[in-house]
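Engineer: sequence? don't have it. structure:
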């Protein structure tokens, strides 16, 4: 009985901390928006010095800085200056952690829709649309700065985590790789850096592939990538030896996924292959909690969902594609290789 009571108390304490975690997220978001990590990384400053530079109230800013001290971002020194901690450096604009970008996306784009989760359950529509008045793709296009922030973050994150995917690729007989719905082309850049003899095609919305050019240039692959703008649900006018869809299907409902896969099949040469990289839905929620949270995130933000292997295989088959190989990455994603079915 005592053990059960202690276990319950420990669970309630953990749940209480999780409920109150919005404090920390709000503090980090405000710090990044004000540029405080970069300023404190450059030099220690008093609240008065920072307030004068930012045009803020010094007393209020000091209270805010004390909040940052509690989450380990900065330290308050005996001389009344504040300095950035080593942990706080992960929020500077040049940090490889990309946490500064992530907190801006999470609080600026996801916070309100997630807080309106009930309306999503009641209406059957993504709460992002109900909060912002349009779907997430249109919103990011009309809010160009926020869209670019998201696309750049995803591309850099993909590039940094692509090793296990690239290692699993069989590029024998491949000359051209096309990343479909690839945003800024993070995975395509990783593939071409590993296999510089290949050429690439990046296909996504026109404004997105236009924004991708600087990223591809920074990766040193711009000269061997052709950027093509269009709508993956309507048509994919791209011919390649290997087609790659990474974390694309999860963003769409079944009808749209069927259209995307069919569009790929229509243009695939006989020997071409399609690579689908997705996190798969487990049989039991406790088997992969990250997949469950991603599934909920898709429900709230895009209207898509995470699917089981069997569900994806059915959609592939309906599009005239046959699953030929399945493997897993160290990041928890699965790599599905599909080829065109032989016509009777």
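Structural biologist: That came through, no problem. Computed from a predicted model, the values in this text were never measured in an experiment.
Engineer: Could you tell me the phi and psi values at the closest residue to residue 248 other than its chain neighbours?
Structural biologist: In this structure, residue 248 finds its nearest non-sequential neighbour in residue 181, 4.1 Å apart by Cβ to Cβ, 6 or more residues apart in numbering. C-betas here are computed from N, CA, C, even on glycine. Dihedral pair for residue 181: phi 70, psi 30, per degrees, to the nearest 10.
Engineer: Low-confidence bits of the stretch 1-150 of the chain, can you list those?
Structural biologist: Along the stretch 1-150 of the chain, the parts satisfying pLDDT under 70 run over 1-2.
Engineer: coming back round to it: mind pulling up the pLDDT for the residue nearest to residue 248?
Structural biologist: Looking at residue 181, its pLDDT stands at 96.
Engineer: Next: residue 279.
Structural biologist: Looking at residue 279, its pLDDT is 96.
Engineer: Please report how far it lies from residue 148.
Structural biologist: Residue 279 sits 25 Å away from residue 148, going by Cβ to Cβ, to the nearest Å.
Engineer: Those two: which is more packed in?
Structural biologist: Looking at residue 279 and residue 148 with other Cβ atoms under 10 Å, you find the greater number of neighbours at residue 279, namely 20 against 17.
Engineer: Check whether that one really touches residue 335, as I assumed.
Structural biologist: No - using Cβ atoms under 8 Å, residue 279 is not in contact with residue 335, being 11.1 Å away.
Engineer: Could you pull up the contacting residues of the residue nearest to residue 248?
Structural biologist: 203-204, 232, 245, 248, 251, 260 (Cβ atoms under 8 Å, 6 or more residues apart in numbering).
Engineer: From those, pick the one nearest residue 324.
Structural biologist: Of all those, residue 245 has the smallest distance to residue 324: 15.3 Å, by Cβ to Cβ.
Engineer: I'd guess the closest one is in a strand, am I close?
Structural biologist: Yes - judged by DSSP: H, G, I helix; E, B strand; the rest coil, residue 245 forms part of a strand.
Engineer: what's it in contact with, if anything?
Structural biologist: Neighbours of residue 245 in contact, by Cβ under 8 Å, 6+ apart: 180-181, 260, 264, 274-277.
Engineer: measure it to residue 164 for me?
Structural biologist: Residue 245 sits 17 Å away from residue 164, going by Cβ to Cβ.
Engineer: Over to residue 64?
Structural biologist: From residue 64 to residue 164 the distance is 40 Å (Cβ to Cβ).
Engineer: does residue 322 count as helix, strand or coil?
Structural biologist: Secondary structure, three-state DSSP: residue 322 is strand.
Engineer: now do the one 5 residues further on
Structural biologist: The assignment at residue 327 comes out as strand when based on three-state DSSP.
Engineer: just checking, it touches residue 169?
Structural biologist: No - Residue 327 lies out of contact with residue 169 (Cβ under 8 Å); the separation is 10.3 Å.
Engineer: Of the two, give the one with the bigger neighbour count.
Structural biologist: Set residue 327 next to residue 169 and count neighbours by other Cβ under 10 Å: residue 169 wins out with 20 against 12.
Engineer: check contacts around the more buried one.
Structural biologist: Contact analysis of residue 169 by Cβ under 8 Å, 6+ apart lists 191, 195, 242, 275.
Engineer: For the residues you listed, which two are the farthest from each other?
Structural biologist: Within these, 195 and 275 form the most distant pair, 13.7 Å apart (Cβ to Cβ).
Engineer: helix or strand for the nearest residue to residue 254 once chain neighbours are set aside, which one?
Structural biologist: With sequence-adjacent residues excluded and distances taken as Cβ to Cβ, 6+ apart, residue 254 is closest to residue 315, at 6.8 Å. Using DSSP states H and E, residue 315 falls within helix 309-318.
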